Every structure is written in structure tokens, then in C-alpha cells.
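Trainee: Can you look at this prediction? I've put the sequence above it.
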Protein chains: 2
Amino acid sequence: MSLDHIILGLLREPLSGYELKTHFDKMISHFWAAEQSQIYRSLKKLEQEGMLNCAEASSSKGPTRKIYSLTAKGRAFLHQWLRDEPLIDKVRVNFVAQLCFMGDLEDPQQTLSFLEQLQLKQRQSLGMLKSIDYVFGQSNPNYPDSLPWRDYHFALTLDMGISALESRIEWCERTITRLKRRVAEENP
Amino acid sequence: MSLDHIILGLLREPLSGYELKTHFDKMISHFWAAEQSQIYRSLKKLEQEGMLNCAEASSSKGPTRKIYSLTAKGRAFLHQWLRDEPLIDKVRVNFVAQLCFMGDLEDPQQTLSFLEQLQLKQRQSLGMLKSIDYVFGQSNPNYPDSLPWRDYHFALTLDMGISALESRIEWCERTITRLKRRVAEENP
DNA sequence: TGTCACATGTAAGACGTTACATGATTTT
DNA sequence: AAAATCATGTAACGTCTTACATGTGACA
């Protein structure tokens, strides 16, 4: 399960469950979504399996925290996953499913407006990703090529996300144009 | 839940559970994966909810089949979903998660080989999608623009899938080149 | 007689979502 | 005193995966 592996990956420095959740939201959510309750459940399981150590630490803010860190077994498990072949997911893309059956409505304006809304949403996602990328690339003259090896890989994931969104936005643009032409030709 | 909606969408003609599964594999799997056991479970639930009618039919081949068809309620439920705004999924992309932490291995050859394998897999997926698209576009002079409205929407989903894969393959190509240059510069 | 394609289902467990519960510290 | 942030968790429910169970008809 990749959630487990991602948690192990983030624990290159010891973190609490709460900190893991903030890392997910800030750095990971563009390619992996996780709920807080899932994270706590996985941490418990990984500790039971001997992948993680847990140390209680009183915090200056709020109640005591549990700080998790990698064991040798956890690191080995992570590295094995990193050396696996690229894992291709089963796809489940809601908006493509909607588009697939939207012909049933026999309503070109609906399809057009759907594609325009989709494009807008993707533009908003792109904006957010680009701002993360901008912050990450700040103060770095030759971003991302001169980054340290680990940060470089993170930058690659941002770049892939940006590239995928740009491609989808362009597809929307082409398809909206094509649809408008078809509608115009059928209603002369 | 989109699986329910997709099943309703496929039932524009009455089908058995088995036929639904073959439709999924042939036409739907490039944007939605479903296991056979999920389909039977959903069919049972949708029938209980009054979205589907069920008729038993003896087949010339094999045991008796259950043929499902849409009720008015099911059609209304489907159409409401089609008029919803574009539903954006929570992302979970395994290979990006792997890439994100692959810097830990400190092994440029591993990253390079990972990207090459990824590119190859995406090329294979692209080949399969293009062959579906080719068959679907056969005997149609002005494919896809002159297709009937419903088929046209299906063709759009193929086109989106092809476009996304091509974009990802190009990203792999660019990134492999960039990585090789970095490795060469660091090992002169 | 074996195996392939047809055909329908159940069971157990893993994973994911949503809502709720609890409580400390800091800020307004 | 109220609200925001820090911090950790549980409960209930729903979905998905994997494996298994059952049986027919056609064909080699």
C-alpha cells in the first residue's frame, strides 16, 4: 500500500502524526490525498509491524506528541518499494465518466459548459501548483537542475503535475473549439 | 458513487452483469476500472433502490442470465449526475510517489531506468488506446466530428486519454534527457 | 476428459470517508 | 470568555481487492 510507503518516505526526519498530515497537505497532496484518520491508522499499524519507532515528547504548544521515526526494517521496506518497477494505478476519473455519457442529454450547451468549467478548475489547480513550484524555486539560480538530489526528485513531481495539467487545459481548449465548430455547422 | 452512475450509463441498452463487465474492460477501463464483484454488488443495490429492473433470461450459452434495464428513477439519477459540475477526483498516483522519494537511493541509474520503464509502459497503454480509437474510427470519413452525438462523446474520452498519455510520454522524454545531462555534468 | 468461454455470486480483509470526541495553549 | 491552532485519536460506514465457490455448454 502506497500510503504506508509515503509515510515511511516522509519520515527521513522524525515527525508526529499531525506534522505528517501537514506535510501531506503541503507537499504530497498534488499526487496523493490522505485523510488524517488514515494517517493515524497507518502509523499504528506500521509501529506494530516494526517499521516505526515511537517516542512521546511534550510540546511547547498543545498536548504531548508522538514522534515517529524509521527503523532499519522500515527503511528496507521503503527502499524495496523504490526499486520496484513503476506502479501503474487503476484509473478512476470521474469527469471523464461524466463526459462519456453526456451525449445522452442531447444538449450541446451542457457539454460546452461542462468543458469550460473543467478547464477553469484545472487552471485553478495549475495556479496552485505553480505557486508551490515558484516558492520552491526561489533563490535558486539554476532551478531545478542544481538542487540537491532529494529535492530534485520532489521538483520533478511538481514538474510532472504541472505538465499534466497544462496538457489537459490545452485539450479542453482544442475540444471546446472543435465542439463550437460542430454546433455552428449543424445550425447554419 | 461513480461506479453506479457508469453502470446506469451503460444500461442505455439492457445488459447482464457479465456483459457489463466486458463493456467495462473494452470501453470504460481507460478511465474507470471495476472488478466483477463490484459490478454484481452495485447491480443488486441499484435494483433494491429501484434504479433498475431485472429480468431473467435463459441463454443459448451457459446458465440463465439476469438482464438489467433502467427505470425512470434510474434515468433521472443518471441525468442529474450528468448535469453536475465536473467532479474532480482525489489523486493517488503511485509512480509519482515512488519518484518523489527515489532521491533517497542516491542512484541516478535507478531514477533513469525508472523513467525509461515508465515511458515504455505508457507507450504500451497508448498503443492499446490508439488501436481502440482506430477501430472506432474505421469506415468513418470525418472521424470523430461526424459521429452521432453519443458516440462523439465516447470518442472524446478516447481522445482525452490519448492526449494525456502522449503528454506524459513527452514529459518522460524531456526528463530523461535532462537527467542524463545532469549526470554527465557531475561526472566529467 | 479436460479446458475454455459463459455466467453469477459470496467472504474476508484492506482501504477510504465522514463525523465525532477530547483536551491544551495562544490569541483576540 | 470565545475562537483559533495544536494535537491525537475512535466509530461507523462505505468501497475495493482478492480469492474462492458453483455450475452450464461447446469444442478439441
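Mentor: Ah, there it is. Numbers count the residues shown, from 1 in each chain, chains lettered A, B, ... in the order given.
Trainee: Next up, the contacts around the spatially closest residue to A:Val183 that is not a sequence neighbour.
Mentor: In this structure, A:Val183 finds its nearest non-sequential neighbour in A:Pro108, 4.8 Å apart by Cβ to Cβ, 6 or more residues apart in numbering or on different chains. Bear in mind the C-beta positions are built from the backbone N, C-alpha and C, glycine included. Applying Cβ atoms under 8 Å, 6 or more residues apart in numbering or on different chains to A:Pro108 gives the contacts A:179, A:182-183.
Trainee: Which ones among those lie within helices?
Mentor: A:179, A:182-183 (DSSP state H).
Trainee: which of these lies closest to DNA strand D?
Mentor: A:Leu179 (29.4 Å; Cβ to the nearest atom of the strand).
Trainee: Can you get me a residue count around that closest one?
Mentor: As a burial measure, A:Leu179 scores 17 neighbours (other Cβ atoms under 10 Å in any protein chain shown).
Trainee: still on that earlier bit, dump the contacts of A:Pro108 to a markdown table, plus distance to DNA strand C and pLDDT.
Mentor: A markdown table is the format used below for these (distance: Cβ to the nearest atom of the strand, whole Å; pLDDT from 0 to 100):
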| residue | distance to DNA strand C | pLDDT |
| --- | --- | --- |
| A:Leu179 | 31 | 97 |
| A:Arg182 | 36 | 97 |
| A:Val183 | 35 | 96 |
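Trainee: contacting residues around stretch A:38-45?
Mentor: A:3-4, A:7, A:17, A:20-21, A:24, A:52, A:54, A:66, A:68.
Trainee: Just the buried positions in that stretch, please.
Mentor: A:39, A:42-43 (16 or more other Cβ atoms under 10 Å in any protein chain shown).
Trainee: do stretch A:162-179 as well
Mentor: A:162-169, A:171-172, A:175-176, A:179.
Trainee: what does the domain assignment say about chain A?
Mentor: Residue ranges for the domains of chain A, per automatic domain parsing: A:2-83, A:94-186.
Trainee: Do stretch A:127-147 and chain B come into contact?
Mentor: Yes: Stretch A:127-147 reaches chain B (Cβ under 8 Å from any Cβ of the partner chain) through A:Asp145.
Trainee: Distance across that stretch, terminal residue to terminal residue?
Mentor: The straight-line separation of the ends of stretch A:127-147 (Cα to Cα, to the nearest Å) is 23 Å.
Trainee: Equivalent analysis for stretch A:87-103, please.
Mentor: Stretch A:87-103 has an end-to-end distance of 33 Å (criterion: Cα to Cα).
Trainee: what ranges do the strands span in chain A?
Mentor: Assigned by DSSP state E, the strands in chain A fall at A:15-16, A:52-57, A:65-70.
Trainee: Mean pLDDT added to these, as CSV?
Mentor: Shown next, in CSV, are the strands of chain A (pLDDT from 0 to 100):
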stretch, mean pLDDT
strand A:15-16, 94
strand A:52-57, 89
strand A:65-70, 93
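Trainee: Out of those, which is closest to A:Asp151?
Mentor: strand A:15-16 (17.5 Å; Cβ to Cβ).
Trainee: Next, see if the closest one gets close to DNA strand D.
Mentor: Yes: against DNA strand D, strand A:15-16 shows contacts by Cβ under 7 Å from any atom of the strand at A:Ser16.
Trainee: what sits up against that strand?
Mentor: Residues from elsewhere that reach strand A:15-16 (Cβ under 8 Å, 6+ apart): A:23, A:57, A:65-68.
Trainee: re the thing from before, run through the contacts of stretch A:38-45 and flag the ones next to DNA strand D.
Mentor: Okay, of the contacts of stretch A:38-45 touching DNA strand D (Cβ under 7 Å from any atom of the strand), that's A:17, A:66.
Trainee: most surrounded residue in the contacts of stretch A:38-45?
Mentor: For the contacts of stretch A:38-45, neighbours tallied by other Cβ under 10 Å; top is A:Ile7, 29 neighbours.
Trainee: circling back: kindly reformat the buried residues of stretch A:162-179 as a markdown table containing distance to B:Leu118.
Mentor: Below are the buried residues of stretch A:162-179 laid out as a markdown table (distance: Cβ to Cβ, whole Å):
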| residue | distance to B:Leu118 |
| --- | --- |
| A:Ile162 | 17 |
| A:Ser163 | 13 |
| A:Ala164 | 13 |
| A:Leu165 | 18 |
| A:Glu166 | 19 |
| A:Ser167 | 16 |
| A:Arg168 | 19 |
| A:Ile169 | 23 |
| A:Trp171 | 21 |
| A:Cys172 | 25 |
| A:Thr175 | 26 |
| A:Ile176 | 30 |
| A:Leu179 | 32 |
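Trainee: ok, back up a step: with distance to B:His79 added, can I get the domains of chain A in TSV?
Mentor: What follows is the domains of chain A, written out as TSV (distance: least, Cβ to Cβ, whole Å):
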stretch	distance to B:His79
domain A:2-83	29
domain A:94-186	7
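Trainee: give me every residue that touches A:Gln102.
Mentor: Gln isn't right for residue A:102; it's Met. Counting by Cβ under 8 Å, 6+ apart, the residues that A:Met102 touches are A:110-111, A:114, B:82, B:153.
Trainee: What about those residues, which are in helices?
Mentor: A:110-111, A:114, B:82, B:153.
Trainee: residues touching A:Ile7, list them.
Mentor: A:20, A:39, A:42-43, A:46.
Trainee: mind putting the contacts of A:Met102 in CSV, distance to A:Met102 included?
Mentor: Shown next, in CSV, are the contacts of A:Met102 (distance: Cβ to Cβ, whole Å):
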residue, distance to A:Met102
A:Gln110, 7
A:Thr111, 5
A:Phe114, 6
B:Leu82, 5
B:His153, 5
